[in-house]
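Engineer: Sequence plus predicted model, see below.
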Amino acid sequence: MEGRKTQKGVGMVEVLVALVLLAIAVLGFSFLQIRAISASLEASRNVQAMNIARDLSERIRVNRNGLKYYTLIESPATCDSIVCTSQQMAEYDYNQVNTKASNLGMALDILDCQGSVLKRKCIYVAWEGTKPTNGTSSSDCTNGTAYAPNAKCLIVEVYNYE
């Protein structure tokens with residue numbers, strides 16, 4: 001009977017140690033869940049950006065004569081109700097796709113592709129503070145032919161010109 005007196009409280013310590021280990025395991029699992037949600041959000045943004053770039057790319061493919069006019073203007077012709085020239089259609093298409101991108105919190109631009117022997121246009125789609133530009137700033141999408149570190153953007157080569 002004397003051995004029992006020395007065992008008082010040992011069961012409680014074992015339970016506390018088990019609870020601490022369980023808490024650490026739950027925290028680790030929670031961290032993994034947060035990372036998975038973050039990765040899923042980033043993948044979703046990539047898919048949205050790719051869809052925007054593909055939409056504009058297809059519009060350019062249909063209207064190759066208007067390639068140099070794919071820029072943002074304030075009030076383009078409404079080409080869904082009238083017959084438009086290549087330039088008007090390009091301006092209308094760009095504004096349509098740019099509106100979609102803006103609604104998703106993304107920015108859009110068409111620039112000359114970097115590092116290509118051929119003269120090509122590239123569609124830049126950027127989000128979360130990254131600018132759809134090529135430059136040396138940390139907020140630019142690219143710096144020459146490489147993505148800037150931590151850039152949140154996507155680039156799609158479109159078509160040759162000249």
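Structural biologist: It's in.

Engineer: Show the contacting residues for Ser30.
Structural biologist: Contacts of Ser30 were listed using Cβ atoms under 8 Å, 6 or more residues apart in numbering, and none were found. The way it works is simple: take the backbone N, C-alpha and C, and place the C-beta from them, glycine included.

Engineer: Let's see the pLDDT reported for it.
Structural biologist: Note on Ser30: pLDDT of 92.

Engineer: can you check Val117 too?
Structural biologist: pLDDT, Val117: 78.

Engineer: Next, it: secondary structure please.
Structural biologist: State at Val117, reduced to three classes by DSSP: H, G, I helix; E, B strand; the rest coil: coil.

Engineer: now do Ala107
Structural biologist: Reduced to three states by three-state DSSP, Ala107 is strand.

Engineer: burial of the nearest residue to Gln87 once chain neighbours are set aside, as a residue count?
Structural biologist: Distances taken as Cβ to Cβ, 6 or more residues apart in numbering put Tyr69 closest to Gln87, at 4.3 Å, once the chain neighbours are dropped. Neighbour count for Tyr69, taken as other Cβ atoms under 10 Å: 19.
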